[in-house]
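Engineer: no sequence for this one, just the structure:
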Ligand SMILES: [Zn+2]
């Protein structure tokens, strides 16, 4: 499961091991052996690593590029 969060400045990225700066977005993913699962180990990724791993992507909106951590259908399910 994916969860988009805002850093308190104390969260470390589990991929690049950098501290995610205060108020920056990051992603929590349930992972098992490097694969996304419903329930597994909680991994924290900064935006850069989330993009690299394919968990995040930029969507073209009228206002410009918008970063999203979710697939199109996930957003529809949530609203
Ligand atoms: Zn990172």
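Structural biologist: Right, received. Where do you want to start? Computed from a predicted model, the values in this text were never measured in an experiment.

Engineer: Tell me the secondary structure at the residue nearest in space to the middle of the chain.
Structural biologist: Nearest to the mean C-alpha position of the chain, by Cα atoms, centre = their mean, lies residue 27 at 2.8 Å. With DSSP: H, G, I helix; E, B strand; the rest coil as the basis, residue 27 sits in strand.

Engineer: what sits against the spatially most distant residue from the centre of the chain?
Structural biologist: Using Cα atoms, centre = their mean, the residue of the chain lying farthest from its centre is residue 62. It sits 22.4 Å away. By Cβ atoms under 8 Å, 6 or more residues apart in numbering, the contact set of residue 62 is empty. C-betas here are computed from N, CA, C, even on glycine.

Engineer: Residue ranges in the protein under the pLDDT threshold?
Structural biologist: Along the chain, segments meeting pLDDT under 70 span 71-79.

Engineer: all strands in it, in order from the N-terminus.
Structural biologist: 2-6, 25-32, 35-36, 41-46, 57-61, 64-68 (DSSP state E).
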